[in-house]
Every structure is written in structure tokens, then in C-alpha cells.
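here are the coordinates; sequence isn't available:
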């Protein structure tokens, strides 16, 4: 015990506790700020995407629309149905918006979606009520209006998709393509289909529906080439027995009845006028306004009327038919077209009478030169609305043919 102390083995001594902060890993020093930054960026990106998604599908919905719930589509469904309204799904562009083909996500039903700019909310409730009412129309010659969707400054109308496009696409060459409207029998079936649809709108539904824009581009063809009336975005509904009048003239030049141009009042008779022009178009394959030499315009009604007066009515039939058509039916269509597009309201038939003529249940009135002559005084009775043809019995001072005043129907 008194001997020298043994040597201390330092390796066996316990380590003293480290004083001060532990040195950080260099890897951690580099990755931690990066990971934190990426996390903050990711959170911010998610917030932005959610906000964008919300704005992307944002709709305008008011309390009064609860009653119309079943007829309202979500914009999200319509967006995905049309592939985000891609250009490849664009069916056409009209004066009131673009039309896109779509497939609804759940039902897989094919639809046509029309996007219409609408900045004002004034009268929107009444308009939506009309859209929903029109959605109850059920007729084989009417394109079903399935519903609507509203966004800020925009209204979307959803229709059944018609696989063969519009009558205009088949009647006239567009984009270098040749007209594809087939035989006379096919044309005449389309004519009768449109007439049947208009009769339903005017007389056979619970309300009177005035379409106000009958023309080839608004006659759509289904998979069996049946003519169906479409584009009810401009329609107005009137209770039976009320005075149907509008405050704004809506329609397409060349198809507007004289009284509609002058007063802006639409009625079933103004639809009859436009149907008369359509009849002439389908039979002649000519547009309602023709360009002549020296920049002068000439209406199709003038042209057909001149041939009828000269006993050459059959020469106005579309030459592409190569005389392979029923002459009696073609002449009936031409005469009925002239009768329906008569400047005097009371001289036009109703759509019920038109159907009787087309089906052969009644004979069309025999047209005479007197029928298409009127005095200048009668045509200037603007406050009578061209409703009285009694002036046909006046002495023929300053008489003129219907063609002279066809410009009143939008020909110029």
C-alpha cells in the first residue's frame, strides 16, 4: 500500500460531458432550409390551386333558383363533358355564342352546350323560368332543351346532341365541302317535320311558343335525318289568349316578317313567314338574299315569284336533284313558301293549315296575280300592321309586286 501508485489507464476513464452546443451535421444544415422552403411552397401552391379550382368552376346561383334545381347543370360537369371547351369539340359559332359537343360524366349522354354571353342580370329570373318551361316541351321534331348553368357574365344552355348537324351544313357548301342534302323525299320529310314542330309550339302545348329565329342553321338533323327545331334561346312564351308582343326585334335578316321589322312584335305569324322562306330555301337550295350585279341584292322570294308569274315555277327547283323529284310536291312547296311569306299577316296560313296542305288533307288556295299585288297606300298603313288585304280590291294605281317590298322582310 505504501508503494508507488499504479499508472492510470486514461482509456478506461469515463468521458467528461461535452460543454457547449453539439456541432450540426453539414448535410442537415443544407437540407433543412431547402425542405422547409419546399414545404411552404407546396402549401402555397395547394392554396393557389384550390382557389383557382374554385374560381374555375364558380357559378352564379341565387335563392330563387332552388325551384329549378333538377334543370340546372354544374359548370364542373359541363367543363369536363366538353373537355374544357376545347376547340376540337366546337360544333359551331353563332351570333349569340359558341356550341360545343360534350358527354356528361355520369350518364354518358351526348349533349350540345351553348355558351351565351349575358352581362345583365335584369330579367334573368324570368328568362330562366322560360328555359325551364321550354325544357318540358316533348315532340319528335323539337330538340330537347335539357337545362342550363349560370356563371358571371355567361349563360350555358344544354341540349340533346344531334349527330347530323344543322340543315344549313347539308344544304349549302361550307368549307369547300359539297352540299350533302339527299333526295327530294328526304327534303320533303324535313319540311313536314319542321311544320309539325311549329304546329306543336303554336297550338298544341300548354303555352304558345314563338321561336322567332326559324332558319336552316336552327333546324337540326338527328341520326335518321329527321328535321328538329332547335335553339330556343330566343324564344318567348305567351299564355293562350294573351297578346304576344316583344320589346326587342330578334331574328335573322332575310327571315323577318315586315311587321316584325317595323314594330318588333313577334307572333306565330312571324314564325310562319320565316317558315315560308325556309320552304323556298330547301326547294331551291338558294339563300334568302341573292347578290346581283352592281352590288344589288335580290331576295329569293322575288326570284321565285318572277318565275311563277312567267309560268316557269319548276325551273326554280334545285338543279342538283336532276329532275328526280315529285313535281307536284315541289310546286306545292314553292307555292306554299310564297303564301307563308306574304307581306300581309292575314294572307298567311296558320301552321295547322300548312300541315293540312302538306299532308294533302286540304288543297292549297289557287294563287293568282291579284294575290301578290297591292297598292302603295296599303303597304304604307304601318299602324295597321299589314293585316288587312282589302286594298287588293282597290284600283291598281301604283301597284307593285311583293318582290318590290320584300326588302321590308330583311332582304336589304
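Yep, that arrived. Nothing here was measured: the structure is a model prediction, and the numbers come from that model.

ok so residue 115 is a strand residue?
Yes: membership of residue 115 in a strand is supported by DSSP: H, G, I helix; E, B strand; the rest coil.

how near is it to residue 220?
To residue 220, residue 115 is 17 Å away according to CB to CB, to the nearest Å. For every residue, glycine as well, the C-beta is placed using N, CA and C.

Of the two, which one has the most company?
Legend: neighbour count by other CB atoms under 10 Å for residue 115 and residue 220, higher for residue 220 (26 against 19).

Excluding chain neighbours, what is closest to that one?
Of all residues not flanking residue 220 in the chain, residue 162 sits nearest, at 3.9 Å (CB to CB, 6 or more residues apart in numbering).

Could you double-check that the one you found sits in contact with residue 226?
No: with contacts counted by CB atoms under 8 Å, residue 162 stays clear of residue 226, the gap being 9.4 Å.

got a list of what the closest residue to residue 156 other than its chain neighbours touches?
Of all residues not flanking residue 156 in the chain, residue 149 sits nearest, at 4.3 Å (CB to CB, 6+ apart). Residue 149 is in contact with 59, 72, 73, 74, 75, 78, 155, 156, 158, counting by CB atoms under 8 Å, 6 or more residues apart in numbering.

after the helix or strand encompassing residue 149 comes which helix or strand?
Assigned by DSSP states H and E, residue 149 falls within strand 145-151. Where DSSP H and E defines the elements, the next helix or strand beyond strand 145-151 is strand 154-160.

Give the next helix or strand downstream of that next one.
helix 167-171.

continuing past that next one, what's the next helix or strand?
The helix or strand immediately downstream of helix 167-171 is helix 184-199, counting by DSSP H and E.

what about that following helix, distance to the chain center?
Averaging C-alpha positions (CA atoms, centre = their mean, to the nearest Å) puts helix 184-199 19 Å from its chain's average.

sorry, back to before: mean confidence for the strand holding residue 149?
Mean per-residue pLDDT for strand 145-151: 85.

What of stretch 326-334?
The model assigns stretch 326-334 a mean pLDDT of 96.

Name the residues of it that are buried.
329, 330, 331, 332, 333, 334 (16 or more other CB atoms under 10 Å).

Relative to residue 257, how far out is the residue nearest to residue 220?
Distance, residue 162 to residue 257, using CB to CB: 27 Å.

So those two - more neighbours on which side?
Shown here are residue 162 and residue 257; by other CB under 10 Å, residue 257 has more neighbours (31 against 20).

Pretty sure the more buried one sits against residue 264.
No: using CB under 8 Å, residue 257 is not in contact with residue 264; the gap is 11.2 Å.

where does the stretch 1-150 of the chain have low pLDDT?
1-3, 10, 16-29, 48, 50-70, 94-96, 118-124 (pLDDT under 70).

redo that, cut-off 50
The model of the stretch 1-150 of the chain has no residue with pLDDT under 50.

Would you state the strands of it in chain order?
Secondary structure of the stretch 1-150 of the chain by DSSP state E, counting those that start in this stretch: the strands cover 90-94, 97-103, 110-117, 145-151.

by contact count, what packs against the first one?
Strand 90-94 sits against strand 97-103, with contacts defined as 3 or more CB pairs under 8 Å, 6 or more residues apart in numbering; DSSP states H and E.

Same question for the strand it packs on: list its buried residues.
97, 98, 99, 100, 101, 102.

Looking at these, which is nearest residue 39?
Within these, the smallest distance to residue 39 is 39.0 Å, found for residue 102 (CB to CB).

for residue 284, what are its contacts?
300, 303, 304, 316, 317, 318, 334.

mind redoing it with 10 Å?
300, 303-304, 307, 315-319, 330, 333-334, 337 (CB atoms under 10 Å, 6 or more residues apart in numbering).

And the pLDDT at the residue nearest to residue 358 when sequence neighbours are not counted?
Spatial nearest neighbour of residue 358, excluding adjacent residues (CB to CB, 6+ apart): residue 192 at 5.2 Å. What the model reports as pLDDT for residue 192 is 97.

same check, this time on the one 3 residues further on
As predicted, residue 195 sits at a pLDDT of 98.

coming back round to it: mutual contacts of residue 162 and residue 226, please.
With CB under 10 Å, 6+ apart, residue 162 and residue 226 have common neighbours residue 220.

Quick one: mean pLDDT over stretch 283-303.
The average pLDDT for stretch 283-303 rounds to 80.

tell me which residues of that stretch are tucked away?
So for stretch 283-303, counting by 16+ other CB under 10 Å, buried means 283-289, 298-303.

Filter those residues down to just the ones in strands.
Counting by DSSP state E, the part of those found in strands is 289, 298, 299.

follow-up on the earlier one: could you report the distance from the residue nearest to residue 220 to residue 131?
Distance from residue 162 to residue 131, counting by CB to CB: 19 Å.
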